[in-house]
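Trainee: Following is a predicted model, sequence given first.
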Amino acid sequence: METLRPKVKVAFVDFWETFDPANHYLMRQLKKIAGVELSDSPDVLFYSDGKGGVHRHFRGKKVYVAIEDRTPNFRECDYALSFREMDDERNLRLPFYVTVGNGAEPLIRGDEAAEAQLRGQRRRFCAFVASNANPRRTARRRSFYKMLHAQRHVDSGGKFLNNVGGPVVDKHAFISGARFCLALENYALSGYTTEKLYQAMAARCIPIYWGNPDVAEDFNPTSFINITNFDTDAEAVEHILEVDQNPDLQAKYHREPFFPGNKPTKYFRDDYLLPQLEKIIADPKKRRSHFWFGDIVYDLRKRWGFHIPVLAPNAHLGPRFANAEVE
C-alpha cells in the first residue's frame, strides 16, 4: 500500500506590503509538490528583506528569498534563493524578475506584424519609473537620468524624480507609451538583475540598462542598450539620441530576441527551481551553521503560548513587518 506523504506547511513573512503569498510564483511552484500547503503554523518559513524581522522568531526550517542583493546568511537560514551564484548546495540563483513577472511568454518575440502591433505608435521618447531615492544606492541612476533628460524629455513616473504629477498606478501602461525605457539597477553587481529590464522588454520599449555586468546570462545583450558598453555616459546618451532619430537602428533592436535564440533561459523552467524546492521540503534537517538567538526567543514564546501570525499577506501584519524597500 502506498504511503501518503505527510502534509508540509509553509508560510511567507518579511516581504513587501502588498505581497500575496497564495498567488506568488513560489507558492504556485510549491503547490506542484504533493502535500505542501499554506499555514499559520509552518514547518518551513520563506522570508525576505523586509524590515519586520518576523523570521527571527521562527525556530523551524527557514528559506531566505532575496529581494536585495545580499549574500545569504547561513547562520539564520537553511536554504536560500538569491541573486548570487555560489558554490553551495544550499543556495540557488533565482533572479527576482522570474518571481514577479508573468513568466517567459511576454518576452517571446512574435512575427514582425505581431511585434509591430505590440509596439504601436509611440509618441513619448523615454519612460522611467523608480521609487528608491536613497543617495547611497541611486547616484548613478540619478546622474544618467539627468544627463539624458537634459537632452530630451524623459517622463519619470515613480516616486523618485517624478515629473508627471505623481506616481503612476499602472507601470506597464505608462512605459508602454514610450520608445525607450530606463532600466537602471541600484547596484552594478554580478547576478543582480531585478524586474526592471524584464518589464521594459515586456512593454516592447528599447531598454536602456545599467547594472549586472553578467546580464548576458539572463538576456540577449544585443536586444537592449547597455550603457556600460560605452566609454562615457555622454557617449551612451549620444547613441540613444541617434537611435531615436534613425528608424533602421530602432528596427535593429526590435528584431533582436530578448532571449538567445528566442528561447527562455533555464531560470523559467520548472526543472530548474522545482528540484531545489523538493529538496528543501524533503530535507528533515535544519542546516543553519549557528543556533541563532531568534530560535531561542521563538522557542520560549511557543512555550508561553505566544502565537505568531505568519500566513496573512504582510499588509495585515502592520507596516513595520511589511515595509521592504523594493522598487
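Mentor: Arrived safely, thanks for sending.
Trainee: Quick check: longest helix in this structure by residues?
Mentor: The residue-count maximum for a helix in the chain (DSSP state H) belongs to helix 135-151.
Trainee: elements contacting the following helix or strand past that one?
Mentor: On the C-terminal side of helix 135-151, the nearest following helix or strand under DSSP states H and E is strand 154-156. Packing partners of strand 154-156 (3 or more CB pairs under 8 Å, 6 or more residues apart in numbering; DSSP states H and E): strand 124-128, helix 135-151. Where C-beta positions appear, they are placed from N, C-alpha and C, glycine not excepted.
Trainee: Of these, which stretch is the most buried?
Mentor: Ranked by mean neighbour count, those are led by strand 124-128 with a mean of 22 (mean count of other CB atoms under 10 Å).
Trainee: Identify the residues contacting that strand?
Mentor: The contact list for strand 124-128, computed with CB atoms under 8 Å, 6 or more residues apart in numbering, reads 145, 148, 152-158, 161, 174-175, 177-182, 205, 208, 240, 244.
Trainee: Which of those are buried? Put it as a ChimeraX command.
Mentor: Under the burial definition 16 or more other CB atoms under 10 Å, those of the contacts of strand 124-128 that qualify are selected in ChimeraX by:
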select :145,148,154,155,156,157,158,161,174,175,178,179,180,181,182,205,208,240,244
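Trainee: any idea how this structure splits into domains?
Mentor: 8-99+267-322, 105-263 (automatic domain parsing).
Trainee: Lowest average pLDDT across the ones you listed?
Mentor: Lowest mean pLDDT within the domains of the chain: domain 8-99+267-322, at a mean of 81.
Trainee: Check the offset of that one from the chain's centre.
Mentor: Averaged C-alpha coordinates place domain 8-99+267-322 at 16 Å from its chain's average position (CA atoms, centre = their mean, to the nearest Å).
Trainee: and if you look at stretch 178-187?
Mentor: Centroid separation for stretch 178-187 versus its chain: 14 Å, with CA atoms, centre = their mean.
Trainee: circling back: quick one: the longest helix of the chain to strand 124-128, angle?
Mentor: Interaxial angle, helix 135-151 versus strand 124-128 (axes from the mean of the first three to the mean of the last three CA atoms, to 10 degrees): 170 degrees.
Trainee: Helix 135-151 packs against which elements?
Mentor: Helix 135-151 packs on strand 154-156, strand 178-184, strand 206-210, helix 233-245, going by 3+ CB pairs under 8 Å, 6+ apart.
Trainee: Please repeat the previous calculation with a cut-off of 6 Å.
Mentor: If you count contacts as 3 or more CB pairs under 6 Å, 6 or more residues apart in numbering; DSSP states H and E, helix 135-151 packs onto helix 233-245.
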